[in-house]
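K.L.:
Predicted structure and sequence below. I'll ask about it afterward.
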Amino acid sequence: MRRLLIVVFFIIVANGAVGQTRYILPLACFNGQDTLPYITLKHIIIVGQRPGTSKRELDRYNKLVRNVIKVYPYARLAAVKLREYDDIISKIPDDNEQKRIMKLAEREIRRDFQKEIEDLTFSQGIILLKLVDRETSKTTYQIVDELRGSLRAFFYQAIAKLFKYDLKAKYDPKGADKEIEDIVKILEDNEQ
């Protein structure tokens, strides 16, 4: 009991609560004769530089971090918008009305985000396509196919292939896209 009082006293002093009416009492774990404070910590991810990493490799990784930070909000927004439009369309039985609403949605998205999306670099565009797949569990090709039709999806895929993009590219968090996944997890942990 005496040790518990000493621990509480030091915590109160350390938190600057002496002379104030506010006291912070931590949970304690009793282990035989010892009293240990029980503190729940946030989940952390430790990412260190791999041994033997060259300056070139480090620069490439830092560029990847900057690119993911730039496009990740767009991927999350795309997932939110897709869910919204799926809800709206699922309530409308008429195919022509669904197409009209999708055209209006496409115009709205173009109006709001066309300038930002056009300003993305080639590598940022590829990362955005992968992150959209991560957030929606659908490739960009599947999304266009569902919302705008197979012909339009085929047309967009053909144009994308000319510019060395692939709308059918799957996100692989344990393979080719592991570094992107690690960066995204760090971003998500920082939001909490």
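P.N.:
Sure, I can see it.
K.L.:
Would you double-check that Leu187 falls in a helix?
P.N.:
Yes - residue state for Leu187 (DSSP: H, G, I helix; E, B strand; the rest coil) corresponds to a helix.
K.L.:
doesn't Lys70 make contact with it?
P.N.:
No - under the criterion of Cβ atoms under 8 Å, Leu187 is not in contact with Lys70, lying 11.2 Å apart. No exception for glycine: its C-beta is placed from N, CA and C like everyone else's.
K.L.:
Flag the shaky bits of this structure, pLDDT-wise.
P.N.:
The model of the chain has pLDDT under 70 over residues 1-26, 43-52, 192.
K.L.:
and the longest helix along it, which residues are buried?
P.N.:
For the chain, the helix with the greatest residue count under DSSP state H is helix 55-90. Across helix 55-90, burial judged by 16 or more other Cβ atoms under 10 Å covers 61, 64-65, 67-68, 70-72, 74-76, 78-79, 81-82, 85, 89.
K.L.:
now the helix or strand just after it, how far from the chain's geometric center?
P.N.:
Sequence-wise, the next helix or strand downstream of helix 55-90 (DSSP states H and E) is helix 95-118. Offset of helix 95-118 from its chain centre (Cα atoms, centre = their mean, to the nearest Å): 23 Å.
K.L.:
care to break this protein down by domain?
P.N.:
Per the record, the chain has its domains at 2-38, 55-191, by automatic domain parsing.
K.L.:
Just say which of these is most tucked in.
P.N.:
Of all those, domain 55-191 carries the top mean neighbour count, a mean of 15, counting by mean count of other Cβ atoms under 10 Å.
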